[in-house]
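J.: Next one to model:
(one chain, ligands or ions: 2)
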Amino acid sequence: MAAQIYSGEKYASRRREISANLAKRPEFHDSKPLPFMTREEKILESSRKLTLISKHMNEIIDPSDKRELYHLNCEVLGIEGNPMALHGDMFIPALTAQASDEQQEKWLSRALRREIIGTYAQTELGHGTNLRKLETIATYDVDTQEFVLHTPQITALKWWPGNLGKSSNYAVVVALMIIKGKNYGPQTFMVPLRDEKTHQPLKGITIGDIGPKLAYNIVDNGFLGFDHYRIPRTNLLMRHTRVEPDGTFVKPPHAKINYSAMVHVRSYMITGQAIMLAYALTIATRYSSVRRQGQIDTTQPEVKVLEYQTQQHRLFPSIARAYAFVFAGAETVRLYERVLQEVETGNVSLMADLHALTSGLKSVVTHQTAQGIEQARMACGGHGYSQASYISEIFGVAVGGCTYEGENLVMLQQLARYLVKSAGLVQAGQSSKLGPLVAYLGAKSDSTSLIDRTPTPGFAEYVKTFQHIARKQTLKAAQKLFGFMEKGDTREVAWNKSTVELNRASRLHTRLYIVEAFVRRVEEVADPRLKEVLTDLLRLHVNYELLDVAAYALEDGFLSSSQLDYIREQLYFYLAKIRPNAVSLVDSWEFSDRELRSVLGRRDGNVYENLFAWAKASPLNKTDVLPSVDKYLKPLMESARASKL
Ligand SMILES: CCCCCCCCCC/C=C\CCC/C=C/C(=O)SCCNC(=O)CCNC(=O)[C@H](O)C(C)(C)COP(=O)(O)OP(=O)(O)OC[C@H]1O[C@@H](n2cnc3c(N)ncnc32)[C@H](O)[C@@H]1OP(=O)(O)O
Ligand SMILES: Cc1cc2nc3c(=O)[nH]c(=O)nc-3n(C[C@H](O)[C@H](O)[C@H](O)COP(=O)(O)OP(=O)(O)OC[C@H]3O[C@@H](n4cnc5c(N)ncnc54)[C@H](O)[C@@H]3O)c2cc1C
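T.: Ligands and ions are numbered 1, 2, ... in the order given. Purely as a prediction, here's the structure:
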């Protein structure tokens, strides 16, 4: 099953080898539990381990393999980030996609050797979503052939970029490019921030950390201001865009080609989110198979809480989602790598499809992942609330994904633009022009679903039902938009009046895509035993997801209430059928205890002993009487007693 999750036996077994290798190297392990460390201690500890990784990487992984590097990072550094997180996640991808060959020779090679540390500085105090209104400006000075970077007011300060505050000495900075008074929109520049020897900020640079956050606190998200800071013309990233010495602007083959580092993260983060969801579910499912509380049959002993239908309903649909997300994530990574290659040859035709797909997936997956992790925390009762479970940290890191790389409700609108265009083609009788991701919009719907009406062993009837719902909502929302415009609203005003409905269409389209990705993968499985278990999980998934959106199919009679009853019964049937495999389904992700960092979710299942040892190790328990008690509480009690006398 691990080979299914990790897209092949080769990587699944490499993960095992890497974990086994690390198990023998205590210097790579956390020196104490992360929740017992201050932020400063965590950053120091993470930097120590990062240095070890850099030194010994070649002995443990193939450094050219992104997945092996990711696994090494998960095991050693963990999810709370590290001082070079953005270096790998965005700085290198930005240089790879946007720097010319000559620039790559100069900077990418140094970045890959870790001679320099970089980040991606785009968001500002005043603007993150609306990139066209960024306020940092890069004005071209023809005489010196330099760009002058400047922060004209406080809202123009770069704010949020990861590892900007303290760790990075370079950044790919996004600024509005002004040449001879003309605004050429957001462009990307390679900018030195700190002296390479002393690490002191360079003259003209104001820089620092933005302070503690909900989670992800090993990362020094930072602020950055420029005071008429000059960089050479050749620091504009020039793979696709160019500015000649005389200030002539050479347009890229696609207007949004500079957004590639964001698309990179959106494509990869689907897998990252699936893994974090699977972390929380591994912890909660293992714990639920140890925790005994209450009885189902009063003549029998107390049961494991995993026997309760409510507990199964709380956890198993999310287990199915984690599998669905990892399968969909593998597809987005393949598409991203393909688009990257095609763009190299000048073919930008798939950029819009990739952007639409990843915008929708990013939004739905992060939202459902956060929901699933929070349910996993609650499934652990009181112990879920303790940082010993580590679920609160996993939640904090994962939920950041709802915001970064484009706020979810904004990114759903990006997909909606694509859907509305497609609906326009359908309306104009040009369905043959629809791309493969939206071809279903042009198909004719049956009048009713055949779920429970016809014996179909596969998933075709479910897929058709999801397609019907997504099609109906897309066409309806587009119609609403067109209707407002026909009545005289500008497109922008009409758009704003339709966005709740448009975003619903985007979610339904994305949920359909996730179901289809799951079906595609299960159909490929050759081993009959694995196929059976995955088919059960997929059955659970389609029934759960369909119930969640059933209102759309009930309102036009596509599904009847008796069909809904059937879907419910199927859901309950598959909850019970999956129960014996539940622990194996989470164990199949093969997370080591080091990687999970959860006292509650350890493989040995010795929950109570482990919790007690953890509590005893708490720094508060080093002494029996705390200084705060000596200083305040004792005098308080003493004076209360004295006043009573
Ligand atoms: C190896 C195994 C697993 C690995 C797992 C790894 C996990 C990694 C996890 C990393 C974890 C933590 C890192 C966190 C780092 C966070 C970083 C950041 O947050 S960086 C900042 C991100 N900021 C944003 O995302 C801003 C969001 N805003 C935008 O993207 C834009 O402003 C947008 C798209 C909302 C609007 O842009 P704009 O105003 O320029 O465009 P329009 O709306 O007018 O659209 C015009 C037209 O262009 C199309 N378009 C837009 N973007 C793109 C694109 N990227 N590609 C292609 N086309 C694009 C848009 O759809 C319109 O098309 P049209 O045909 O006209 O409809
Ligand atoms: C953990 C984390 C890491 C980050 N790392 C980086 C980084 O490395 N580099 C970097 O540059 N940035 C980074 N960011 C910033 C991040 O990309 C932005 O915060 C994000 O894109 C959202 O933008 P915003 O903050 O401007 O939100 P806003 O746009 O201000 O959102 C506020 C509200 O307004 C709504 N809204 C905004 N515009 C519209 C619209 N057009 N239509 C409808 N509703 C709208 C949103 O839906 C939301 O509800 C990070 C953020 C976080 C949380």
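J.: Need the contact partners of stretch 29-44.
T.: Contact partners of stretch 29-44, identified using Cβ atoms under 8 Å, 6 or more residues apart in numbering, comprise 22, 45, 48, 76, 78, 80, 83, 166, 212, 217-218, 220, 387-388, 390, 393, 594, 597, 599, 614, 617-619. No exception for glycine: its C-beta is placed from N, CA and C like everyone else's.
J.: Show me which residues of it are buried.
T.: Within stretch 29-44, the residues that count as buried by 16 or more other Cβ atoms under 10 Å are Asp30, Leu34, Pro35, Met37, Lys42, Ile43.
J.: what does this structure put close to ligand 2?
T.: 86, 120-123, 127-129, 160-162, 216, 221, 400, 403-404, 406-407, 409-410 (Cβ under 6 Å from any ligand atom).
J.: Which members of these are positioned in helices?
T.: Applying DSSP state H to the residues of the chain next to ligand 2, the entries found in helices are Leu86, Leu409, Val410.
J.: so what's the last one closest to, chain neighbours aside?
T.: With Cβ to Cβ, 6 or more residues apart in numbering as the criterion, Val410 has its nearest non-adjacent residue at 5.1 Å, and that residue is Thr129.
J.: if we can go back for a sec, could the ones in helices among the residues of the chain next to ligand 2 go into a markdown table alongside neighbour count and pLDDT?
T.: Putting those into a markdown table (neighbours: other Cβ atoms under 10 Å; pLDDT from 0 to 100) gives the following:
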| residue | neighbour count | pLDDT |
| --- | --- | --- |
| Leu86 | 30 | 98 |
| Leu409 | 15 | 98 |
| Val410 | 16 | 98 |
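J.: of these, list those near ligand 1.
T.: Val410.
J.: ok, of the ones in helices among the residues of the chain next to ligand 2, which one's closest to Lys362?
T.: Of all those, Lys362 sits closest to Val410, with 10.6 Å by Cβ to Cβ.
J.: which residues sit against the strand or helix carrying Gln563?
T.: Using DSSP states H and E, Gln563 sits within helix 561-578. Under the criterion Cβ under 8 Å, 6+ apart, residues 309, 312-313, 316, 319, 449, 451-453, 536-537, 539-540, 543-544, 546-547, 550, 554, 559, 585 lie in contact with helix 561-578.
J.: Tell me how far whichever residue of the chain sits closest to ligand 1 lies from Val397.
T.: Proximity of the chain to ligand 1 (Cβ to the nearest ligand atom) peaks at Gly272, 3.0 Å away. From Gly272 over to Val397 the distance is 9 Å, taken as Cβ to Cβ, to the nearest Å.
J.: what does the stretch 401-550 of the chain put close to ligand 1?
T.: Tyr404, Glu405, Gly406, Val410, Gln414, Arg417.
J.: got a pLDDT number for the first one?
T.: Per-residue confidence for Tyr404 comes out at a pLDDT of 98.
J.: what residues are up against it?
T.: Residues counted as contacts of Tyr404 (Cβ under 8 Å, 6+ apart) are Val265.
J.: swap in the last one?
T.: For Arg417, the contacting residues are Ala356, taking Cβ under 8 Å, 6+ apart as the criterion.
J.: what do you get for the fifth one?
T.: Taking Cβ under 8 Å, 6+ apart as the criterion, Gln414 is in contact with His355, Ala356, Ser359, Gly406.
J.: Apply 6 Å and report the result again.
T.: Contact partners of Gln414, counting by Cβ atoms under 6 Å, 6 or more residues apart in numbering, are Ser359.
J.: Nearest residue to the middle of the chain?
T.: Computing the C-alpha centroid of the chain and ranking residues by Cα atoms, centre = their mean puts Met269 first, at 3.8 Å.
J.: which element is that one on?
T.: For Met269, the element it lies in under DSSP H and E is helix 260-288.
J.: Tell me the spatial nearest neighbour of the residue in the stretch 251-400 of the chain positioned nearest to ligand 2, not counting adjacent residues.
T.: Distance from ligand 2 to each residue of the stretch 251-400 of the chain (Cβ to the nearest ligand atom) is smallest for Gly400, at 3.7 Å. Nearest non-adjacent residue to Gly400, counting by Cβ to Cβ, 6+ apart: Tyr216, 5.7 Å away.
J.: Ok, Phe518 next?
T.: Setting aside the residues directly before and after it, Phe518 is nearest to Ala324 in space (Cβ to Cβ, 6+ apart), at 4.4 Å.
J.: quick one: that neighbour and Glu516, what's the gap?
T.: For Ala324, the distance to Glu516 equals 10 Å [Cβ to Cβ].
J.: Neighbour count for these two, which is higher?
T.: Counting neighbours by other Cβ atoms under 10 Å for Ala324 and for Glu516 shows that Ala324 has the greater number, 27 against 20.
J.: For the stretch 1-150 of the chain, which segments count as helices?
T.: 2-5, 9-23, 39-60, 66-76, 85-86, 92-98, 101-103, 109-112 (DSSP state H, counting those that start in this stretch).
J.: Likewise for the stretch 501-645 of the chain?
T.: Using DSSP H, counting those that start in this stretch, helices in the stretch 501-645 of the chain cover 528-548, 550-554, 561-578, 582-587, 593-596, 607-616, 627-628, 634-644.
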